[in-house]
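Student: Here is my input; please provide its structure:
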Amino acid sequence: MTEAFKEKKYLQFALLLVVFILLCLVISPSDSVLWRLPPLFKELPIIINDAVRYILFDWWLIDVWDPDIEEFEQKPLMNQFTRSASGVILFLIEFIREIMLGGVKTIVTFSGWDWATENPWARWPALPWTVVAGGFTILGYALNGKRLAIFVGFTFVYISVFGQWEPSMETLSFVLIAAPVSVFFGLILGIWAFKSKTVEAVLNPLLNVMQIMPAFSYLIPIMIFFGIGDHAGAIATVIFATPPMVRLTLLGLQKLSPEIAEAGQMSGCTDRQLMLKVLIPTARRDILIGVNQVIMQCLAMVVIASLIGAKGLGNNLLIALNQLRIGLALELGVCIVLIAIVLDRMSLAWAEKQIDYFADLSFVERHKYSLIFGVVFVVGIILAVIGSFFFKEGFNYLNLIPHNKGITTQDFWQAGVDWVWDTFFYTLKGFNEWLIVEVLVPVKKAYLAMPVVATFLMAMGTGYIVGGWKVALTVGGLLLFIAFTEWWDRALITAYLMTISVLISSFVGIVAGTLCAQHPVTTRIMLTVCDTFQTFPSFIYLIPVMMLFGVTDTSVLIAIVIYATVPATRYTIQGLLAVPQSLHDAGSMAGVGRIQRYFFIELPMSFPHLALGVNQTVVFALAMVIIGALIGTDDLGQLILKSLSDREGIGNGLILGLCVAFIGLAIDQILRTWANQRKKALGLN
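Tutor: Presented below is the predicted three-dimensional model:
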């Protein structure tokens, strides 16, 4: 009996669930320690605020020459460093932006405002939109042929015709600085981790925290240290976008066969030559996929970065959100999605493109695309000059279409939302009331009624059943940090929203992924839909649900479900497609029916992918729960959002962010352990 109990984990979990329910029934709020732990970390945010203030204003004073008073002054090193870093990043962003849109700030940097004012001709001219569109179209053709070229050309024409060229180029200039910096740091850290197991062990938990911690949390320290503006948004984006580059660089280098390194060493390579000329070129594909992920992460941050002053589509989208202009917000969101898909396809094509090092080409053949761009550049300039004579109202549509001076479809989309509201008002109202009264409120009350001891028992017990004492203690340690803060109840509210949304998203994603994986055409369509929904700014999902269901938990829940269903669907499709064809054939030969084959062959074999899909669904749900605070929730996200406007909010913001991250890491620890065990059992390692 004891041996059977040890082997059958579902019996252990059933016993754990019974004990958990009994503790919830027996322990009451009057049992102070068993109900809630004392907030021992209540003073931690104050300590962090004091430490930051000391580092920023009093630590390591150095002599700095002040040209205004012509004397040396003592100033803190950190303050000087952050100002210098901000200045360099802002200069680079403005430089690229003025190449695209024209301007005077780059010239002023080297000459001064007085000289630039006295010489009106001293202005960087805008590059015609036709030249930029043509250049990217040629690059698309060079990377992956005419299909990609047509899509790239359509994207840039769409952006220009709809009058979103200026904010789009502001966003693109932002990405073109943040992405290379993220790639550089990610490559360096990935190589360092490859060379040192200690560094890898230290980086792994840090990368997990960076990826799961809400972006709002580290906006606060960035504002304190670097101020607000495009430079601050770029720094926040670098922090957010660097982890996937580190992971994929490390993965690419670790996958290499030892014989490759041995061959390089036998050829007389030094350690530096071995890394730069042998290992990195061989791991090129994984590293370039890392570049692709960096670009996508940068574009995912454009709206959040606008909260601390970044210009571009994200800022305009945030304004449209505040004004409830759904049509305009949708147009802006489509622009962001198109840019994201273009950069995604181009970077993936770059990663997949094979270089023929032995081709004997003439000068024209080697540089044909550069020569074609030269022709496009000259023709674009000529068209811009001709356009200045045709368009007399001050807007040269062949040079630069001003913001919001193109065509628009926002009235159509707004009318669509109004029609849905007018037609289904009573249905939506009834559904909203039923969901809140019958489902959300009872579940929320049930979570808040959980004693801390029962919660720890359930979480650590699940960790023990899945992975033993190591996983149980890790999960317990993460939750203990949250329990010692003053926000345990807020964390439970966050967990309640996350749990319901993950259950719904996982179910919908697994069903949709299963149905679409049955045919190549539906697979491609669904993966394209997943790409679109994943690159769509998460803020967009809040707009229609808020209009239809108001400022309620229903709106947040539906927005989370839409956003978090993507990874569950994607991983389900990938898992089912990865099942070997030989197993399908063996099942058919054994006379197994289609449904039996799914439940007894395909589902078990794809379980590791499904578990990782649920894992990513949790991460997506947590991210969206925090963003949902913008339309009013009473969870951790609301407190993080309030910290953004608090001068002393850096401590609260960081601790609250860690609380959210630790919820995700605790679930991640259990699901990843479970997935790895199933991989080992199925012989997939």
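
Student: average pLDDT across whatever helix or strand Y571 lives in?
Tutor: Taking DSSP states H and E as the criterion, Y571 maps to helix 553-577. Model confidence over helix 553-577, given as mean pLDDT, is 88.

Student: try stretch 257-268
Tutor: On average, stretch 257-268 scores 84.

Student: before we move on, the earlier item: by contact count, what packs against the helix holding Y571?
Tutor: Under the contact definition 3 or more C-beta pairs under 8 Å, 6 or more residues apart in numbering; DSSP states H and E, helix 553-577 sits against helix 488-516, helix 520-535, helix 542-549, helix 607-627. Bear in mind the C-beta positions are built from the backbone N, C-alpha and C, glycine included.

Student: by how many degrees do that helix and helix 488-516 diverge?
Tutor: Interaxial angle, helix 553-577 versus helix 488-516 (axes from the mean of the first three to the mean of the last three C-alpha atoms, to 10 degrees): 40 degrees.

Student: As CSV, the helices and strands packed on helix 553-577 with distance to F136 and mean pLDDT would be great.
Tutor: Shown next, in CSV, are these (distance: least, C-beta to C-beta, whole Å; pLDDT from 0 to 100):
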stretch, distance to F136, mean pLDDT
helix 488-516, 31, 93
helix 520-535, 17, 83
helix 542-549, 29, 78
helix 607-627, 30, 85
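
Student: Nearest to L400, out of those helices?
Tutor: In terms of C-beta to C-beta, the element of those nearest to L400 is helix 520-535, at 26.0 Å.

Student: For that closest one, buried residues please.
Tutor: Judged by neighbour count (16 or more other C-beta atoms under 10 Å), helix 520-535 contains these buried residues: 523, 526-527, 530-531, 533-535.

Student: repeat for stretch 76-92
Tutor: For stretch 76-92, burial by neighbour count (16+ other C-beta under 10 Å) applies to 76, 78-79, 82, 86, 89-90, 92.

Student: Figure out which of the helices and strands packed on helix 553-577 is closest to L361.
Tutor: For those, proximity to L361 was assessed by C-beta to C-beta; helix 520-535 is nearest, at 34.5 Å.

Student: Which strands and helices lie in contact with that closest one?
Tutor: Judged by 3+ C-beta pairs under 8 Å, 6+ apart, helix 520-535 is in contact with helix 284-300, helix 326-352, helix 488-516, helix 553-577.

Student: what angle separates the longest one from helix 607-627?
Tutor: Between helix 488-516 and helix 607-627, the angle formed by their directions is 130 degrees, by the same axes, to 10 degrees.

Student: Distance from helix 488-516 to the middle of the chain?
Tutor: Chain-centre distance of helix 488-516: 18 Å, with C-alpha atoms, centre = their mean, to the nearest Å.

Student: and the closest residue to L435 other than its chain neighbours, what is it in contact with?
Tutor: Of all residues not flanking L435 in the chain, T554 sits nearest, at 5.3 Å (C-beta to C-beta, 6 or more residues apart in numbering). By C-beta atoms under 8 Å, 6 or more residues apart in numbering, the residues touching T554 are 432, 435-436, 440, 545.

Student: What's the local residue count around M213?
Tutor: M213 sits with 26 neighbouring residues when counted by other C-beta atoms under 10 Å.

Student: just checking, it touches I655?
Tutor: No: in this structure, M213 is not within contact of I655 by C-beta atoms under 8 Å, at 10.9 Å.

Student: ok, now which ones touch the residue lying closest to V545 once chain neighbours are set aside?
Tutor: Of all residues not flanking V545 in the chain, S555 sits nearest, at 4.2 Å (C-beta to C-beta, 6+ apart). When contacts are counted by C-beta under 8 Å, 6+ apart, S555 touches 542, 545-546, 548-549, 628, 631.

Student: Q74: which element?
Tutor: Q74 belongs to strand 71-76, assigned by DSSP H and E.

Student: Could you check how far the residue nearest to V545 is from I627?
Tutor: Applying C-beta to C-beta, to the nearest Å, the value for S555 to I627 is 12 Å.
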